[in-house]
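1. Structural data only, the sequence is not supplied:
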């Protein structure tokens, strides 16, 4: 089974690119983020024609998450309890034999902005939600755009950016709380020393200069570890395809037994 996460940075403007990727990579279960559309605006027909069932938690113009599944799915949670003011950022489904959650963590803007402590509170609420509603002994996946660089290896310039947004000790401590609960960073489990990024700024030739961050993650409970065959950042889909412009994020893909 192939699972994936991808911040598409606007699904309506990126639809043909996403369809290209779905046909090429054939994932079975996908978490999408930053849809920037309402559930009514979601382009269901062309995606359903590729064999996917769809669950959407969206809002007009901002945020928004969705799950695409080749097998039947059931929505079990829509929105992070107590954090509704931050928008449509969490969706959990039961599909195949997994509890599968996709998230779009608040950006936080910068450490001096009012959104920064709210981001920390959102991450705390996320950890509390999993502690209350899920079991670390079950097969659980949490994926998405975390807007946190987990460690120095995950930044192109930790020395420059440490203490700035995405790179703060406060954000990393909230992320570690998810690992302490029972999640494993699946990419880092398979590639403990490899520097790979999932996001590159559109500006300044950052992608071609290797100036990226790893902020798009697939986390899984330890029950899943024996099933993980491979996990990779799909860097090729950060490039233009057939004249179509990519998101500033690359998909992350894991293959399970």
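-> Good, I have the coordinates. Fair warning: this is a prediction, and the values are worked out from it, not measured in the lab.
2. burial count for residue 141?
-> 24 (other Cβ atoms under 10 Å). Heads up, the C-betas are built off the backbone N, CA and C, glycines and all.
3. residues contacting it?
-> Residue 141 makes contacts with 3, 98, 99, 100, 101, 218, 219, 220, 224, as judged by Cβ atoms under 8 Å, 6 or more residues apart in numbering.
4. Please, where are all the helices along this structure?
-> 11-25, 44-48, 115-133, 158-161, 169-181, 186-190, 206-209 (DSSP state H).
5. Give me the buried subset of the contacts of residue 141.
-> Among these, the ones that count as buried by 16 or more other Cβ atoms under 10 Å are 3, 98, 99, 100, 101, 218, 219, 220, 224.
6. thinking again about what came up before, out of the contacts of residue 141, which are inside strands?
-> Applying DSSP state E to the contacts of residue 141, the entries found in strands are 3, 98, 99, 100, 101, 218, 219, 220.
7. correct me, but residue 71 touches residue 94?
-> No - Residue 71 lies out of contact with residue 94 (Cβ atoms under 8 Å); the separation is 10.1 Å.
8. And stretch 197-212, end to end?
-> 5 Å (Cα to Cα, to the nearest Å).
9. Please compute how far that stretch lies from its chain's middle.
-> 18 Å (Cα atoms, centre = their mean, to the nearest Å).
10. Identify the residue spatially nearest to residue 11, adjacent ones excluded.
-> Take residue 11 and drop its neighbours on the chain: the residue closest to it by Cβ to Cβ, 6 or more residues apart in numbering is residue 35, 4.6 Å away.
11. Counting neighbours, what do you get for residue 12?
-> 12.
12. Is it correct that it is in contact with residue 36?
-> Yes - using Cβ under 8 Å, residue 12 makes contact with residue 36 at a distance of 7.3 Å.
13. Widest-spaced pair of the ones in strands among the contacts of residue 141?
-> 99 and 218 (13.7 Å; Cβ to Cβ).
14. Mind listing what's buried along stretch 156-174?
-> Buried residues in stretch 156-174 (16+ other Cβ under 10 Å): 156, 161, 165, 166, 167, 168, 170, 171, 172, 174.
15. and if you look at stretch 69-83?
-> Across stretch 69-83, burial judged by 16+ other Cβ under 10 Å covers 69, 70, 73, 76, 77, 79, 80, 83.
16. Other residues contacting it?
-> With Cβ under 8 Å, 6+ apart, stretch 69-83 has contacts from 28-30, 51-55, 57, 67, 86, 88-96, 99-101, 103, 121-122, 125-126, 129, 133.
17. Could you give me the PyMOL syntax to select whichever of those are buried?
-> Buried members of these can be picked out in PyMOL with the line below, counting by 16+ other Cβ under 10 Å:
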select buried, resi 28+29+30+52+53+54+55+57+67+86+88+89+90+91+92+93+95+96+99+100+101+103+122+125+126+129
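18. what bridges to residue 212?
-> residue 200 (DSSP bridges).
19. contact partners of stretch 218-229?
-> Contact with stretch 218-229 is made by 3-5, 136-143, 178-179, 182-187, 189-190, 231, 252, 254-257, as judged by Cβ under 8 Å, 6+ apart.
20. can you rerun that using 7 Å?
-> Outside stretch 218-229, the residues that touch it by Cβ atoms under 7 Å, 6 or more residues apart in numbering are 3, 5, 136-143, 178, 182-187, 189-190, 231, 252, 254-257.
21. What is the end-to-end distance of that stretch?
-> 14 Å.
22. sorry, back to before: reformat the buried ones among the contacts of residue 141 as TSV; add pLDDT and distance to residue 207.
-> As requested, those are exported to TSV (pLDDT from 0 to 100; distance: Cβ to Cβ, whole Å):
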residue	pLDDT	distance to residue 207
3	98	24
98	98	31
99	98	33
100	98	29
101	98	28
218	98	21
219	98	25
220	98	28
224	97	30
